[in-house]
Each structure stands twice: as C-alpha cells, then as structure tokens.
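J.: Got a predicted model here, sequence first, then my questions.
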Amino acid sequence: MKNKIIANFEKKFFGGNKSKHPEFRPGDTLRIDYRIQEAGAKDRVQAFEGVCIRVKRGTADASFTVRKLGANNVGVERIFPLHSPNLEKITVKSRGIVRRSRLYYLRNLAGKAARIRSRFDALALKEVESANEAASTEKK
C-alpha cells in the first residue's frame, strides 16, 4: 500500500483523464516515437513498431511492453513508461483480438502462429453474417 502523501501527489499530476496518448490494449500493434539522446547534446526521434504484449496500469508507474521481430527474426522487447517525457507519440496501427492481458506466449511462437486476429476483420465478419441472416429471413 502506498503512502497517502505519495498517492495524493500522483493523483494530482497523473490522475486526470487528460492523457495525451490514445487508448490501447494488449494485442494492438503500436508505433512508438521515442526521443533518444545521442552523443553530445543531439536528440533524435526513433520509431519502434510492434505488438503490445503487456499494459501495466497505474498512475506514475504505468508502463507497457512492446515486442517486435528484429533482424534475423530475433525478438526485441522494450518497456516504455507511459508518462515519460521522452515519449513523443503513440500511434495505434491495428487493433487485435486476444483473450489474455499478458501475451508472453508470443515469445515462443514464430511466423503465422504468432499472428493476431484483427478486431476490425472480426467486426466486419459479424456484420456480413448478420446481413446474410437478415437477407435469408426476408426471402422466406
């Protein structure tokens, strides 16, 4: 349990629903633009695109983990703090349908087995099925 003073401080700065980032869930494909300091005083923005495999909710300590396949099919995971000042932008590329909140099983899968169904494909499929059922009931 947190100290009341710390909890009130976190609530004051991070508690509001005024997040600058979009809503996302595990299974979504994200593109994260993250500011990196290079040698000297140079900054640049680096993109990291992959599947969100974990979201840790909270106030100041909220974070999320993104996994991508790098060169030679080597899996790369990175944990991003949600309220980091270095986090430029989060873009949701696609939304996925998963039944778990922690997708650690993707670490052991490769290729087609590691695919995640798109939420929009499933919604479109349901709409087509409902339209077909409505058409078949009208014919009778």
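T.: Structure's in. What do you need?

J.: so where do the strands sit in this protein?
T.: 29-37, 43-56, 63-69, 75-81, 87-94 (DSSP state E).

J.: Export the ones you listed to JSON lines and append columns for mean pLDDT, distance to Asn8 and mean neighbour count.
T.: Glycine gets a C-beta too; all of them are placed from N, C-alpha and C. Output for the strands of the chain, formatted as JSON lines (pLDDT from 0 to 100; distance: least, Cβ to Cβ, whole Å; neighbours: other Cβ atoms under 10 Å):
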{"stretch": "strand 29-37", "mean pLDDT": "93", "distance to Asn8": "30", "mean neighbour count": "16"}
{"stretch": "strand 43-56", "mean pLDDT": "94", "distance to Asn8": "21", "mean neighbour count": "15"}
{"stretch": "strand 63-69", "mean pLDDT": "94", "distance to Asn8": "21", "mean neighbour count": "18"}
{"stretch": "strand 75-81", "mean pLDDT": "94", "distance to Asn8": "21", "mean neighbour count": "14"}
{"stretch": "strand 87-94", "mean pLDDT": "92", "distance to Asn8": "24", "mean neighbour count": "15"}
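
J.: So which of those is nearest Leu103?
T.: Proximity to Leu103 (Cβ to Cβ) singles out strand 43-56 among the strands of the chain, at 4.0 Å.

J.: middle-most residue in this protein, spatially?
T.: Cys52 (3.9 Å; Cα atoms, centre = their mean).

J.: my guess is it meets Arg31, correct?
T.: No. Contact criterion Cβ atoms under 8 Å: Cys52 and Arg31 do not qualify, at 10.9 Å.

J.: Tell me how many other residues surround Leu106.
T.: 21 (other Cβ atoms under 10 Å).

J.: Kindly provide the distance from it to Leu69.
T.: 10 Å (Cβ to Cβ, to the nearest Å).

J.: and what of Ala131?
T.: 37 Å.

J.: For Ile90, give its distance to Arg78.
T.: 13 Å.

J.: picking that back up, so the residue nearest to the centre of the chain bridges to which residues?
T.: On the basis of DSSP bridges, Cys52 is bridged to Val66.
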